[in-house]
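Student: Any chance you can model this:
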Amino acid sequence: EFPDYPADLIEGKKNLVIRLGKNIAAFLYIAMTVIAWIAFGLAVSQGMPAVTFFFYLPVFLIGLILVVLMSKKNYLDRKRLELICGLTIIVNLGSSLAYTLAVWLGST
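Tutor: Below is the predicted model:
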């Protein structure tokens with residue numbers, strides 16, 4: 001939603017970035033990323049195979065880079081915002097893949 005902010009504002013759309021503003025939406029992005037890390041740790045502590053850590057490590061590192069970029073307001077720069085959006089997709093897909101591989105390989 002960050003890339004569409006100017007057009008969404010003009011059109012009167014009511015997505016989270018418009019409702020909260022860019023700064024609060026960025027804070028929410030960072031908070032949700034940290035919560036995802038905590039949830040991952042809890043999943044492993046509750047019985048998810050420990051091998052999950054190896055699969056999740058690259059995803060975690062990319063997420064950490066994203067948190068740094070967002071905290072430094074890189075979402076205000078169009079080119080960096082494109083990078084942030086692309087890496088966010090990789091984190092989303094990578095998280096699911098890490099869990100899937102861990103369960104699949106951990107059960108064999």
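Student: And residue 65, how close does it get to residue 42?
Tutor: With distances taken as Cβ to Cβ, to the nearest Å, residue 65 is found 23 Å from residue 42. Quick note: C-beta positions are derived from backbone N, CA and C, even for glycine.
Student: Of those two, which one has the most company?
Tutor: Each of residue 65 and residue 42 has its neighbours counted (other Cβ atoms under 10 Å); residue 65 has more, 14 against 10.
Student: now the helix or strand harbouring that one, how far from the centre of its chain.
Tutor: Using DSSP states H and E, the element containing residue 65 is helix 52-71. Between the mean C-alpha location of helix 52-71 and the chain-wide mean there is a distance of 8 Å, by Cα atoms, centre = their mean, to the nearest Å.
Student: what packs against it?
Tutor: helix 22-45, helix 78-106 (3 or more Cβ pairs under 8 Å, 6 or more residues apart in numbering; DSSP states H and E).
Student: Which of those helices sits closest to residue 59?
Tutor: helix 78-106 (3.9 Å; Cβ to Cβ).
Student: ok so, going back, which of the residues in the helix holding residue 65 are buried?
Tutor: 52, 55, 56, 59, 60, 63, 66, 67, 69, 70 (16 or more other Cβ atoms under 10 Å).
Student: Show me the shaky parts of the protein.
Tutor: Residues of the chain meeting the criterion pLDDT under 70: 1-12, 107-108.
Student: now do 80
Tutor: Along the chain, segments meeting pLDDT under 80 span 1-18, 106-108.
Student: And the contacts of the helix holding residue 65?
Tutor: 26, 29-30, 33-34, 36-37, 40, 43-44, 75, 80, 83-84, 87-88, 90-91, 94-95, 97-99, 101-102, 106 (Cβ atoms under 8 Å, 6 or more residues apart in numbering).
Student: Alpha carbons of it, as CSV, please.
Tutor: Output in CSV follows, covering the C-alpha atoms of helix 52-71 (Å, rounded to 0.1, in the frame of the first residue of the first chain):
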residue,chain,number,x,y,z
THR,A,52,13.5,-24.8,11.0
PHE,A,53,16.1,-22.3,12.2
PHE,A,54,18.4,-23.2,9.3
PHE,A,55,15.6,-22.6,6.8
TYR,A,56,14.4,-19.5,8.5
LEU,A,57,17.8,-17.8,8.9
PRO,A,58,17.9,-16.2,5.5
VAL,A,59,14.3,-15.0,5.9
PHE,A,60,15.1,-13.6,9.3
LEU,A,61,18.2,-11.7,7.9
ILE,A,62,16.2,-10.2,5.0
GLY,A,63,13.5,-9.2,7.6
LEU,A,64,16.1,-7.6,9.7
ILE,A,65,17.3,-5.6,6.7
LEU,A,66,13.7,-4.5,6.1
VAL,A,67,13.3,-3.4,9.7
VAL,A,68,16.4,-1.2,9.3
LEU,A,69,15.2,0.2,6.0
MET,A,70,11.8,1.0,7.4
SER,A,71,13.1,2.5,10.6
